[in-house]
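**Q** Sequence first, predicted model second:
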Amino acid sequence: MLLDTFGRVARDLRVSLTEKCNLRCTYCMPAEGLPLVPVSKLMTADEAVRLVDLAIRDLGIAEVRFTGGEPLLRKDLESIIGEVRSRHPEVPLALTTNGLGLDKRAGTLSEAGLTRVNVSLDTVDRETFERVTRRDRVDGSIAGVRAAKAAGLGPVKVNAVALRETLAGAPDLLRFCLDEGAELRFIEQMPLDAEETWQRGAVVTADELLAVLSDHYELEPLGRAGDPSSPAERWRVAGTEQTVGIIASVTRQFCAACDRTRITAEGTVRPCLFGDDETDLLGPLRAGASDEQIGDLWREAMYGKWAGHGGLTDARPRSKRSMGGIGG
Ligand code: SAM
Ligand code: SF4
């Protein structure tokens, strides 16, 4: 098991497959993109599969999510998922993506064994989307949501970072998700932007968002019903069977229930989004370490996980990596 000194057990693995992306969301990437990491330093498909396989087999991981950067930029994504699936028929395998190109690959990903998809989409308004992502590609992300749904990669969730620019359009985004049968989840913006402009006082809080949504919809609180370790609190949209969630990572922290462990695209273990302490697994793997030795390194890294991220104040030292570089 991946246990820490606060008694938490990590069962949910996030694996970043690349730091590259075809969008430049202002809360994540700089306009010019992240500095490119030489390919030789990134995990190959076989290396990623080996780490995921041993994490499920030996370390108690019960669910895996592939992310990035933009994981659809990996042409070998189907083969990575297929290899993990063939070894572990029962484990849920999920993908977090901006949805660009998913319309062409949802079918092959589903055949390879992918279970479900989260598509990140902050707004359905073309101009606002372009301002936030620095690319005029809202149609591609919308097509991605629809393709995921059509391929049965559900429940399809739409992740939206709550932003000043998108706040007024939040009810329209909810309308879109209700119409498409997707579950919308907002997330408070965290200080993981590459340009380091985040300020706590500027964060659109869960309370603000609820106020805007409540002007248009009647929302019935469900709390964390059914899944206490879920970071999202949920509300039922009255008159529908659907819910909307808010992940209040800044104003209502949930570190005490955290069950995550992360592997970056360079094959390091990152116990917490906000902590720069990383342990290299790829180096030892390439040097011939056994599964047992890699498992011990991973366990040791997680054992030292911090209690929490300390209030996300402006004064706190910033994470050296941005969200796209870690794997959100
Ligand atoms: N490119 C894929 C995507 O956008 O879904 C996967 C990687 S992205 C880093 C994963 C998630 O992190 C996305 O849902 C994105 O909105 C979220 N994210 C990025 N920067 C964030 C920030 N500063 N605060 C909160 N969420 C953030
Ligand atoms: Fe790319 Fe996802 Fe970061 Fe946006 S949030 S820049 S889509 S990695």
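**A** Cool, got the structure. Ligands and ions are numbered 1, 2, ... in the order given.
**Q** What count of nearby residues applies to Ile246?
**A** 25 (other CB atoms under 10 Å). C-betas here are computed from N, CA, C, even on glycine.
**Q** Make sure Thr243 is actually in contact with Trp235.
**A** Yes: contact status for Thr243 versus Trp235: in contact at 6.3 Å, counting by CB atoms under 8 Å.
**Q** overlap in contacts of the two?
**A** Common contact partners of Thr243 and Trp235 (CB atoms under 8 Å, 6 or more residues apart in numbering): Leu222.
**Q** what's the closest non-adjacent residue to whatever residue of the stretch 101-250 of the chain ends up closest to ligand 2?
**A** As assessed by CB to the nearest ligand atom, ligand 2 sits closest to Ser120 within the stretch 101-250 of the chain, at 5.6 Å. Excluding the flanking residues, the one nearest Ser120 by CB to CB, 6 or more residues apart in numbering is Asn159, at 4.6 Å.
**Q** mind listing the strands in the stretch 101-250 of the chain by residue range?
**A** 116-120, 157-162, 183-188, 219-223, 232-237, 243-247 (DSSP state E, counting those that start in this stretch).
**Q** Which residues of the stretch 201-328 of the chain lie near ligand 1?
**A** Proximity of the stretch 201-328 of the chain to ligand 1 (CB under 6 Å from any ligand atom) is limited to residues 323-324, 328.
**Q** By neighbours, which of those wins?
**A** Gly324 (29 neighbours).
**Q** tell me the contacts of Ala170?
**A** 160, 162, 186, 209, 212-213.
**Q** can you list these in a markdown table and add neighbour count and pLDDT?
**A** A markdown table is the format used below for those (neighbours: other CB atoms under 10 Å; pLDDT from 0 to 100):
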| residue | neighbour count | pLDDT |
| --- | --- | --- |
| Ala160 | 24 | 98 |
| Ala162 | 24 | 96 |
| Phe186 | 28 | 97 |
| Leu209 | 20 | 96 |
| Val212 | 17 | 97 |
| Leu213 | 22 | 97 |
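**Q** Grab the two from the residues you listed that are most spread out in space.
**A** Greatest spacing in these, by CB to CB: Ala160 and Val212 (12.4 Å).
**Q** Please read off the pLDDT at Gly310 from the model.
**A** We note a pLDDT of 57 for Gly310 in this prediction.
**Q** Hmm, I typed the wrong one, I wanted Arg321.
**A** pLDDT at Arg321 comes out at 79.
**Q** separation between Arg131 and Val212?
**A** Using CB to CB, to the nearest Å, Arg131 is found at 19 Å from Val212.
**Q** can you pull the contacts of the residue of the stretch 101-250 of the chain closest to ligand 2?
**A** Neighbours of Ser120 in contact, by CB under 8 Å, 6+ apart: 96-99, 141, 158-161.
**Q** Report the entries of these that also contact ligand 2.
**A** Answer for the contacts of Ser120 near ligand 2 (CB under 6 Å from any ligand atom): Asn98.
**Q** Let me know the closest of the contacts of Ser120 to Gly267.
**A** Closest to Gly267, out of all of those and judged by CB to CB, is Thr96, at 18.8 Å.
**Q** does that closest one count as helix, strand or coil?
**A** Here Thr96 is recorded as strand under DSSP: H, G, I helix; E, B strand; the rest coil.
**Q** Equivalent analysis for Glu292, please.
**A** helix.
**Q** per-residue confidence at it?
**A** We have a pLDDT of 98 for Glu292.
**Q** Tell me which residues touch the residue in the chain that ligand 1 sits nearest to, please.
**A** Closest residue of the chain to ligand 1, CB to the nearest ligand atom: Gly328 (2.8 Å). Counting by CB under 8 Å, 6+ apart, Gly328 makes contact with 14, 28, 67, 96, 192, 273.
**Q** Can you pick out the most distant pair from those?
**A** Arg14 and Cys28 (15.0 Å).
**Q** Counting neighbours, go ahead and name the busier of the two.
**A** Neighbours around Arg14 and Cys28, counted as other CB under 10 Å, are more numerous at Cys28. The numbers are 26 against 21.
**Q** Return the residues in contact with the more buried one.
**A** Contacts of Cys28 by CB under 8 Å, 6+ apart are 21, 192-194, 322-324, 328.
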